[in-house]
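Colleague: Okay, predicted coordinates and the sequence, questions at the end:
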Amino acid sequence: MSLAQLEPWLRLQAIEGVGDLTALQLVRHWHSPAAVLHASRDDLIQQGCSPQLADAIRRGPDSPSCRNIERELKTIEREQIEVLNFFDPTYPARLKMIADPPSLLYITGTLTEQDELAVAIVGARRATAAGRVLTEELSHDLAAAGMTVVSGLARGVDAAAHRGALAAQGRTIAVLGCGIDRTYPPEHERLRRQIEERGAVLSEVPVGAPPHSHHFPRRNRIISGLSLGVVVTEAAISSGSLITAKLAAEQGREVFAVPGFVKEATSRGTNALLKDGAALIERAQDVIDAVLPQLDPVLRLRLQPSRSKDEPGDQLGKEERLVYDALSHEPLTVDEVIVATGLSVSAVMASLLSLELRQRVRQLPGQRYLRV
């Protein structure tokens with residue numbers, strides 16, 4: 001969309017009382033936001049506007065709003081930000097289907113047809129080490145199978161989801177709760193640039209908008225709206241991830257949850273989802289099997305079966321198998337592995353090194369190890 005086409009959209013949205021649904025309803029009737037801004041008061045009222053809103057549209061945005069629009073257009077041009085409106089043919093088709101789609105999407109990076117095969121992965125910001133590892137593994141395998149992984153660039157599970165997809169050389173989409181010209185949290189700037197190289201970063205809020213708390217529940221409907229389903233890997237009972245899961249269910253999307261230890265705070269949210277009917281998943285193939293019935297034959301052909309770690313070519317030796325089986329998604333020290341396996345210190349250390357090189361285990365601070 002050119003700047004000339006974008007300006008009337010921004011002017012219409014800047015009018016107090018014009019939300020996404022109102023803007024889309026009016027533009028659908030008049031075929032362009034410029035025509036809405038020039039419509040008569042009586043015609044606006046006839047299309048459902050209150051007299052007060054009709055008067056506001058006739059007046060147009062106030063002077064401070066016009067100055068903000070001018071600055072926003074300059075930033076969009078300078079930063080080469082792509083902006084799609086709801087009626088653009090390249091606007092994500094699945095997002096169009098939700099009850100309250102954003103009228104404008106700001107984009108850096110690139111959206112592609114492959115993103116029709118998208119699954120969201122969300123969860124706790126204060127994720128456990130095991131939760132981050134599991135999330136990365138799940139995201140990696142989904143991306144390797146041809147799925148685009150959608151998340152929110154937040155700390156914890158979101159960042160692990162993006163990193164897992166990138167590690168598989170797959171696609172990932174980050175949806176922001178701030179202006180597209182900002183990165184939140186700021187320490188994820190490098191991750192954001194990596195995402196833009198292999199996917200896209202999206203926002204619905206105006207350029208320059210700070211990460212206000214009220215933006216994030218709204219952004220969650222976009223995360224779920226872009227996706228065939230939403231996976232929650234770890235979440236406390238009050239987590240915002242449960243809002244995303246609720247929105248997904250309301251949008252008719254699949255909701256998945258990874259079960260966790262009942263005494264772990266970050267498992268109570270996911271376990272609650274399972275009680276409420278979410279599908280229990282343990283691996284990427286569980287997700288793929290669940291979404292396949294939604295796909296037409298062309299999309300199904302794009303999916304690759306999830307590869308098992310124990311297929312030929314990745315077999316473990318006897319001692320490696322003992323060490324691998326002794327590990328779990330809860331970190332263990334070297335001493336604990338020695339006790340569990342009955343192997344010598346040298347055998348355990350050699351096996352752990354071999355498994356780590358083959359990306360079967362991960363070392364954490366304090367010489368603790370997790371199964372991957």
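Modeller: Here it is on my side, so go on.

Colleague: Please identify the helix or strand for the residue found closest to C49 once you drop the neighbours it is linked to in the chain.
Modeller: In space, and not counting its chain neighbours, C49 is closest to I57: 6.9 Å by Cβ to Cβ, 6 or more residues apart in numbering. Glycine gets a C-beta too; all of them are placed from N, C-alpha and C. Per DSSP states H and E, I57 falls inside helix 51-59.

Colleague: contacting residues around the helix or strand encompassing N271?
Modeller: Using DSSP H and E, N271 sits in helix 265-275. Identification of contacts with helix 265-275 by Cβ atoms under 8 Å, 6 or more residues apart in numbering yields 123-124, 126-128, 131, 232-239, 241-242, 245, 255, 257-262, 278, 280.

Colleague: can you tell me which of the residues you listed are in helices?
Modeller: Counting by DSSP state H, the part of the contacts of helix 265-275 found in helices is 131, 241-242, 245.

Colleague: if I pick the residue nearest to the spatial centre of the chain, what's in contact with it?
Modeller: Geometric centre of the chain, nearest residue: S151, 1.7 Å, by Cα atoms, centre = their mean. Neighbouring residues of S151 by Cβ under 8 Å, 6+ apart: 120-122, 157-158, 161-162, 172-175, 223.

Colleague: any low-confidence regions in the stretch 151-300 of the chain?
Modeller: Residues of the stretch 151-300 of the chain meeting the criterion pLDDT under 70: none.

Colleague: Try it again at 90.
Modeller: Counting by pLDDT under 90, the stretch 151-300 of the chain contains low-confidence ranges at 213-214, 216-217, 236-241, 260-267, 282-283, 285, 289, 291-300.

Colleague: for it, what spans make up the helices?
Modeller: 157-167, 189-198, 215-225, 241-250, 265-275, 284-291, 297-302 (DSSP state H, counting those that start in this stretch).

Colleague: among those helices, which is nearest P92?
Modeller: helix 215-225 (8.0 Å; Cβ to Cβ).

Colleague: what sits up against that closest one?
Modeller: 94-95, 97-98, 100-102, 120, 122, 150-152, 175-178, 202-205, 209, 230, 240, 243-245, 247-248, 251, 253.

Colleague: Could I have the buried ones of those as ChimeraX selection syntax?
Modeller: Selection of buried members from the contacts of helix 215-225 for ChimeraX, criterion 16 or more other Cβ atoms under 10 Å:
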select :94,95,98,101,102,120,122,150,151,152,175,176,177,178,202,203,204,205,209,230,240,243,244,245,247,248,251,253
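
Colleague: Out of the contacts of helix 215-225, which sit inside strands?
Modeller: Residues of these located in strands (DSSP state E): 120, 122, 150-151, 175, 202-203, 230.

Colleague: just curious, which of these is nearest to R28?
Modeller: Scanning the ones in strands among the contacts of helix 215-225 for proximity to R28, where the rule is Cβ to Cβ, the winner is L202, at 22.4 Å.

Colleague: Show the contacting residues for that closest one.
Modeller: L202 makes contacts with 105-107, 173-176, 180, 222, as judged by Cβ under 8 Å, 6+ apart.

Colleague: any idea which of those is closest to L343?
Modeller: A174 (42.9 Å).

Colleague: Now do the same contact list for the closest one.
Modeller: Residues near A174 by Cβ under 8 Å, 6+ apart: 150-153, 158, 162, 192, 195, 199-202.
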